[in-house]
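Participant: Below are the sequence and a predicted model for it; my questions follow.
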Amino acid sequence: MSTTPQLLTSVQTARFVAQGFLRLDGIVPREINEKAIESLSAGMASVPYGTPLSKAFAEGTFVHDLLSLPLVSGALRSLVGPEPTVDHHAVHVREPHEGTAQDLHGDAIIDVRPDAFDVQLMYYPHEVTPDMGGTLSVPGSHLRRVNETDIGRVQNLRGQNRLTCPAGTVVLVHHGIWHSGRRNDTGRRRYMYKIRFNPTVPQVRLWDTSDLHDPAVTAELNTRFPWYEQATARLEIYNRVLLWRALTGDDSFDIEYWVTRVSNRPTLRSHA
């Protein structure tokens, strides 16, 4: 079996920039899923903040095997580079019939970085059905800065995603996406394992850029979502353009002239 990382395309990377997540459904083999459920049930040892990925998880563990899968390693390399550090990892459990759900939130404090982002890997080792409390997320919310549960009073937004998926699904999310664990109405525990990765290299053209100028790239970056207000939706596109410029190193990229127009600062010229 090949272990060569399978890098994302420009279209896939643009989709991540627009939506704030990338789904890889059912890609993890059954043997890794079974090992993962056993390990998650027993509890996971902590990993110190800032541990290089290559030193964080020992060979033979399900995490090492998971991160060695070509689709997973390639997607991570495309988004955060070849040797990110592990910010933290955690086991999230929705207990059977627990009767409550998390508030909608973004992780940690307001993050104002316009040209960099962390990636959180969310792994589901078993099938998640509609009544198991799958993670709810709001596509396109990641660049609208909030502080943790500032948006916790919001119960539902048009176009939100409540995750259902086959066993062995991995979702990579931008650290700013709005999300929450929903109520588990079944008699079975629902597991999700999360790792947050911090980049250690500039996040510039880390993916397969052979399709960089495909019109589908701009189409992805211009995607609107049902919960957007008419006016402020333009700000979401504006912020995506800024991020795409940073990721590609191309300060001329634009959509409908929005960033070029408002960043125009002519300098005075002498008239000799």
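Facilitator: Cool, the structure landed.
Participant: give me every residue that touches the residue most central in space within the chain.
Facilitator: Nearest to the mean C-alpha position of the chain, counting by Cα atoms, centre = their mean, stands residue 173 at 1.1 Å. Taking Cβ atoms under 8 Å, 6 or more residues apart in numbering as the criterion, residue 173 is in contact with 20, 21, 22, 119, 120, 122, 137, 142, 179. (Glycine included, C-beta is placed from N, CA and C.)
Participant: now, which of the residues you listed sits nearest residue 159?
Facilitator: Distance to residue 159 across these (Cβ to Cβ) is lowest for residue 137, with 10.5 Å.
Participant: Tell me what that closest one is bridged to.
Facilitator: Taking DSSP bridges as the rule, residue 137 bridges to residue 161, residue 179.
Participant: For residue 212, see how far away it is.
Facilitator: As judged by Cβ to Cβ, to the nearest Å, residue 137 and residue 212 stand 27 Å apart.
Participant: Tell me where the stretch 1-150 of the chain has helices.
Facilitator: Using DSSP state H, counting those that start in this stretch, the helices found in the stretch 1-150 of the chain span residues 10-19, 30-42, 53-56, 62-67, 70-80.
Participant: so what does the fourth one touch, helix or strand wise?
Facilitator: Based on contacts counted as 3 or more Cβ pairs under 8 Å, 6 or more residues apart in numbering; DSSP states H and E, the elements that helix 62-67 packs against are helix 30-42, helix 70-80.
Participant: Against which helices or strands is the shortest one packed?
Facilitator: Helices and strands in packing contact with helix 70-80 are listed as helix 10-19, strand 21-24, helix 62-67, strand 119-124, strand 169-174, strand 190-198; criterion 3+ Cβ pairs under 8 Å, 6+ apart.
Participant: who does the shortest one pair up with?
Facilitator: Looking at strand 21-24 with DSSP bridges, its partner strands are strand 169-174 (antiparallel).
Participant: again, but for the fourth one
Facilitator: Strand partners for strand 119-124, identified by DSSP bridges, are recorded as strand 169-174 (antiparallel), strand 190-198 (antiparallel).
Participant: quick one: secondary structure of residue 216?
Facilitator: helix (DSSP: H, G, I helix; E, B strand; the rest coil).
Participant: How about the contacts made by the closest residue to it other than its chain neighbours?
Facilitator: Excluding its sequence neighbours, the residue lying closest to residue 216 (Cβ to Cβ, 6 or more residues apart in numbering) is residue 11, at 4.8 Å. Contacts for residue 11 (Cβ under 8 Å, 6+ apart) come out as 211, 214, 216, 217, 220.
Participant: The last one contacts residue 15, doesn't it?
Facilitator: Yes. Contact between residue 220 and residue 15 holds when scored by Cβ atoms under 8 Å: they sit 4.7 Å apart.
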